[in-house]
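In: I'll drop the sequence and a predicted model, then ask my questions.
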Amino acid sequence: MDLAYTQEEQEFRARLREWLAVVLPGLPPKPRPDDWPGRRAYDTAWQRMLYDAGYAGLHWPVDAGGRGATPTQHLIFLEETEKAGAPYVGANFVGLLHAGPTIAAEGTSEQRARWLPPVLSGDEIWCQGFSEPDAGSDLAALRTRAVRDGDHYVVSGSKIWTSHAEVADWCELLVRTDPAAPKHRGITWLAMEMDAPGVTVRPLRTLAGSTEFAEMFLDEVRVPVSHRVGAENDGWRVTMVTLSFERGTAFVGEVVACRRTLDALAAEARRGGRWDDPVLRRRLGRLNAEFRALWRLTQWNVSEAQRAGAGGVPGTGGSVFKLRYSHARQELYEAAAEVLGADSADLDREWVLDRLSSLSYTIAAGTSQIQRNIVAERILGLPKGR
Amino acid sequence: MDFQLSDDQRALRAGVRELLAGRFGRDRMRVALDDGTGVDRALWRELGEAGFFALRLPEAEGGVGLGLPEAVLLFEEAGRSLLPGPLIATHLAAGPVKGAAQGETVVAVLDPGQPVAHLGEADALLVLGPGNGPRESGAAPADVTPVRDAATPVRSMDPFTPLWRVADPVEAGEPLPGGGRLRDEGALLAAAEQLGSAARTTEMAVQHAGEREQFGSPIGSFQAVKHLCAGMLVRAELARCAVYAAAVTADPVEIAGAKLLADDAAVRNARDCLQVHGGMGFTWEADVHLHLKRAWLRSGQWLTAAAAEEVLAGDLC
Ligand SMILES: Cc1cc2nc3c(=O)[nH]c(=O)nc-3n(C[C@H](O)[C@H](O)[C@H](O)COP(=O)(O)OP(=O)(O)OC[C@H]3O[C@@H](n4cnc5c(N)ncnc54)[C@H](O)[C@@H]3O)c2cc1C
């Protein structure tokens, strides 16, 4: 049991730091949070820079175009880029963190060759069409139909909460291919082109005022059968692979960001004279314990993955992390509102928008209630309920 | 980086668990509870022989030569099994206090302002220095007899931990070399005991939830119960990472965080475990009250939540 980085890992970190110090000052200013075309351009340009420098798909397997880095190197990458204030994956989120890894794990060699390089280079971005108006937590209740017509599926239905659908090129889409089968068995995982005829995207406004997700209507959209990943009606299993990637490493950089925010809150409280309030001070102290421990939990999970060997699908440990992290993040911004005091309603103060966004963390990527079911049933082995 | 137990560490933990199951299993624990709760000198010596107290003494001084991470694993097991006695003080005194390393001497600790545990049976006493946080304070040995003579017994909430109130200031000797670390280390080992307790109450709750049936189903199939159990696991696992990391770094801020989260995990898990046990949980028969009482007591020892939070706040820029 140690926390020491090897010589090789330290050299990797040093090279990355040098590179970040050279490239980051030249980046254009960040677009406004609600300017999605601007954010797409900004995020994909950053992805291109990573690609050109050989940092794209760092932890992806080499035969999928990645660099086959160890989980620890990937952790160092996420830590250093966040510390240096590099752009967040943003619009590239779905492609890099789950569609890509899913295709790498489950796709054919043609599919990998077609879809993975443009994800890595930032040329194409993906969105996730899983949820439907009547299928959220109960994802397997989805009803969007796909009917086979020669070498195409004809897809009709609707999706909702599709993050950055407005600017995506591809969609990882779950459809029902066998309405007669039990609900988990008749699902198929497809890659759908967003500019295919019959796809309509209607942006939804979030409570934070931006349009980061959308509703998607699918009217007899033709998707080639060759765009199916995994077997027909085997989509639920493929989806489980996708979701474990989503929960596995998606939040690592954010823990580092939260620790930075906490320091900034303390500094602000000191400037504003609020530091003398022991209740506030101790509250920030407790959050320090919380985020330090979440970082250690991350290192624990990463070390476990490293021991399990490369190419492994992240385990249920991601649910343990997500549960605690999503609540800690919300508490962080509650504390921020207290530090801001009279300014806590001013949307131009950076923490106010973050406080609003933090509300999504206990809902998106599986609600806290669903995560608790996963922990109880899959880790603790408690009986399934209704 | 390899932040997972090594094979040796796993073997050590398994060995201690086996030793404690054999010498202080549940039956023995319940007998000790009924018989009165003095330190079992024979068990104490056996722990001494097994290296429990001398674990971190250099081999040249008759110790085992291991470090804080290994000590944390031992104390985690002690916490799981509800092993009573001033284990931490005796472990910390091994070396400077004669006989402590072998388990011949029972060493109590006095933290000014706090009740003293196991004073009645102690052969020696360590006095912690003042200081809000762990950084400033040292520790010094004191003569136990006059302190005991002037102390009054407290009716202790934890039936395994007799307490004494000490009113007068105590005269202590020369501060021990390296004594500034003792409060830190004590806090860390107490956190490890809390972790063991938190993990154990999680197991107890899960086991009960899988067996007890109501409305024709195991209560663990009801989400309200399931979610209590999931919350327990999450608390215990976060505390585990905090405690193990603090053992590796020995950093005072990290130790403060570990104590804070482990106290929380032990207390809240014991409460939730009690809830999962229903009326049975409120009886003397179920072990859960013993975990809760010990967890409450430990939360006030070595480093309180308020002091830990101040240390952690002081670390923010
Ligand atoms: C910001 C954001 C971005 C998103 N991005 C995407 C995306 O890109 N692609 C995509 O496909 N989806 C996306 N989602 C959807 C997200 O995955 C769902 O919102 C989520 O899974 C919950 O489903 P729901 O909204 O239908 O809520 P519901 O399932 O209706 O849940 C409502 C409430 O009931 C509770 N509940 C439901 N079932 C149970 C149960 N069995 N036990 C206990 N409680 C239960 C829930 O915990 C919740 O509190 C996004 C959501 C948000 C907020």
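Out: Yes, it's here. What you see is a predicted model, and the numbers here were worked out from it, not measured in a lab.
In: how about residue A:191, phi and psi?
Out: Phi and psi for residue A:191, reported as degrees, to the nearest 10, are phi -100, psi 120.
In: where does residue A:386 land on pLDDT?
Out: Note on residue A:386: pLDDT of 61.
In: chain B: helices as residue ranges?
Out: Ranges of helices in chain B, per DSSP state H, are B:7-23, B:26-35, B:41-49, B:68-81, B:87-93, B:144-150, B:182-211, B:223-249, B:252-276, B:278-281, B:288-299, B:305-314.
In: contacts for the second one next, please.
Out: I take that to be helix B:26-35. B:24, B:40, B:81-82, B:84, B:159-160, B:287, B:290 (Cβ atoms under 8 Å, 6 or more residues apart in numbering or on different chains). C-beta coordinates here come from the backbone N, C-alpha and C atoms, glycine included.
In: so which of the helices of chain B is nearest the ligand?
Out: Of all those, it is helix B:223-249 that lies closest to the ligand, at 5.7 Å by Cβ to the nearest ligand atom.
In: quick one: is the closest one near chain A?
Out: Yes. Helix B:223-249 lies within reach of chain A by Cβ under 8 Å from any Cβ of the partner chain, at B:223, B:225-227, B:229-231, B:233-234, B:237-242, B:244-245, B:247-249.
In: tell me the buried residues within the residues you listed.
Out: For the residues of helix B:223-249 next to chain A, a burial check counting by 16 or more other Cβ atoms under 10 Å in any protein chain shown picks out B:223, B:225-227, B:229-231, B:233-234, B:237-242, B:244-245, B:247-248.
In: stretch A:34-44 close to the ligand?
Out: No. If you take Cβ under 6 Å from any ligand atom as the test, stretch A:34-44 misses the ligand, and the best it gets is 13.2 Å.
In: for that stretch, buried residues please.
Out: For stretch A:34-44, by 16+ other Cβ under 10 Å, it's A:36, A:39-44.
In: please state the offset of that stretch from the chain centre?
Out: Relative to the chain's own centre, stretch A:34-44 is displaced by 16 Å; criterion: Cα atoms, centre = their mean, to the nearest Å.
In: for stretch A:368-386, same thing?
Out: The answer for stretch A:368-386 is 22 Å, by Cα atoms, centre = their mean.
In: what packs against the host helix or strand of residue A:128?
Out: Residue A:128 belongs to strand A:126-129 when assigned by DSSP states H and E. Packing partners of strand A:126-129 (3 or more Cβ pairs under 8 Å, 6 or more residues apart in numbering or on different chains; DSSP states H and E): strand A:152-163, strand A:170-176.
In: neighbours around residue A:291, how many?
Out: Neighbour count of residue A:291, defined by other Cβ atoms under 10 Å in any protein chain shown: 22.
In: now do the contacts for it.
Out: Residue A:291 touches A:255, A:258-259, A:262, A:328, A:332, counting by Cβ under 8 Å, 6+ apart.
In: coming back round to it: what's the farthest-apart pair in the contacts of helix B:26-35?
Out: B:40 and B:287 (18.1 Å; Cβ to Cβ).
In: where in the chain is pLDDT low?
Out: In the absence of a named chain, chain A is used. Scanning chain A for pLDDT under 70 picks out A:244-250, A:310-316, A:386.
In: that's the wrong chain, I wanted chain B
Out: Looking at chain B by pLDDT under 70, you get B:37, B:131-137.
In: please identify the residue of the stretch 201-350 of chain A positioned nearest to the ligand.
Out: Closest point on the stretch 201-350 of chain A to the ligand, by Cβ to the nearest ligand atom, is residue A:213, at 5.1 Å.
In: pretty sure that residue contacts residue A:167?
Out: No. Residue A:213 is beyond contact range of residue A:167, at 11.5 Å (criterion: Cβ atoms under 8 Å).
In: between the two, who's got more neighbours?
Out: Using other Cβ under 10 Å, the more surrounded residue of residue A:213 and residue A:167 is residue A:213, with 22 against 19.
In: now do the more buried one against residue A:166, distance only.
Out: 9 Å (Cβ to Cβ, to the nearest Å).
In: again with residue A:273
Out: Distance from residue A:273 to residue A:166, by Cβ to Cβ: 44 Å.
In: who's more crowded, these two?
Out: For residue A:273 versus residue A:166, the count of surrounding residues by other Cβ under 10 Å is larger for residue A:166: 20 against 8.
In: for that one, what are its contacts?
Out: Neighbours of residue A:166 in contact, by Cβ under 8 Å, 6+ apart: A:36-37, A:201, A:203, A:211, A:214.
In: nearest to chain B among the residues you listed?
Out: residue A:214 (31.6 Å; Cβ to the nearest Cβ).
In: specify the local secondary structure of the residue in the stretch 51-200 of chain A positioned nearest to chain B.
Out: Residue of the stretch 51-200 of chain A nearest chain B, by Cβ to the nearest Cβ: residue A:72 (5.1 Å). At residue A:72 the chain is in helix, as set by DSSP: H, G, I helix; E, B strand; the rest coil.
In: what about it, how many neighbours?
Out: 22.
In: any idea how far residue A:5 is from it?
Out: For residue A:72, the distance to residue A:5 - Cβ to Cβ - is 7 Å.
In: same question, residue A:270
Out: 32 Å.
In: buried sites along stretch A:342-354?
Out: Under 16+ other Cβ under 10 Å, the buried positions of stretch A:342-354 are A:344, A:351-354.
In: what sits against residue A:145?
Out: Per Cβ under 8 Å, 6+ apart, neighbours of residue A:145: A:155-157, A:175-176, A:179.
In: narrow the residues you listed to just the buried residues.
Out: A:155-157, A:175-176.
In: mind putting those into TSV with distance to the ligand?
Out: TSV is the format used below for the buried ones among the contacts of residue A:145 (distance: Cβ to the nearest ligand atom, whole Å):
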residue	distance to the ligand
A:155	15
A:156	17
A:157	13
A:175	13
A:176	15
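In: out of those residues, which one sits closest to residue A:14?
Out: For the buried ones among the contacts of residue A:145, the nearest to residue A:14 is residue A:175 (47.1 Å; Cβ to Cβ).
In: what pairs with the closest residue to the closest one other than its chain neighbours across the strands?
Out: The shortest distance from residue A:175 to any non-neighbouring residue, by Cβ to Cβ, 6 or more residues apart in numbering or on different chains, is to residue A:146 (3.8 Å). With DSSP bridges as the criterion, residue A:146 is bridged to residue A:155.
In: hang on, residue A:146 packs against residue A:174?
Out: No. Residue A:146 lies out of contact with residue A:174 (Cβ under 8 Å); the separation is 9.5 Å.
In: common neighbours of these two, please.
Out: With Cβ under 8 Å, 6+ apart as the test, residue A:146 and residue A:174 both reach A:188, A:190.
In: if I pick the residue of chain A found nearest the ligand, what's in contact with it?
Out: The ligand sits closest to residue A:136 of chain A, with a gap of 1.6 Å, by Cβ to the nearest ligand atom. Counting by Cβ under 8 Å, 6+ apart, residue A:136 touches residue A:161.
In: near the ligand, from the residues of helix B:223-249 next to chain A?
Out: Okay, of the residues of helix B:223-249 next to chain A touching the ligand (Cβ under 6 Å from any ligand atom), that's residue B:223.
In: distance from the chain centre to stretch B:11-27, please.
Out: Worked out by Cα atoms, centre = their mean, stretch B:11-27 lies 16 Å from the chain centre.
In: sorry, slip of the keys, the one I care about is stretch B:49-59.
Out: 18 Å.
In: stretch A:3-18 now?
Out: Worked out by Cα atoms, centre = their mean, stretch A:3-18 lies 25 Å from the chain centre.
In: and it, what's buried?
Out: Within stretch A:3-18, the residues that count as buried by 16+ other Cβ under 10 Å are A:5, A:9, A:12-13, A:16.
In: let's have those in TSV, adding distance to residue B:118.
Out: As requested, the buried residues of stretch A:3-18 are exported to TSV (distance: Cβ to Cβ, whole Å):
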residue	distance to residue B:118
A:5	43
A:9	46
A:12	51
A:13	48
A:16	53
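In: which among those residues gets closest to residue B:264?
Out: Nearest to residue B:264 among the buried residues of stretch A:3-18, with distances taken as Cβ to Cβ, is residue A:5, at 29.8 Å.
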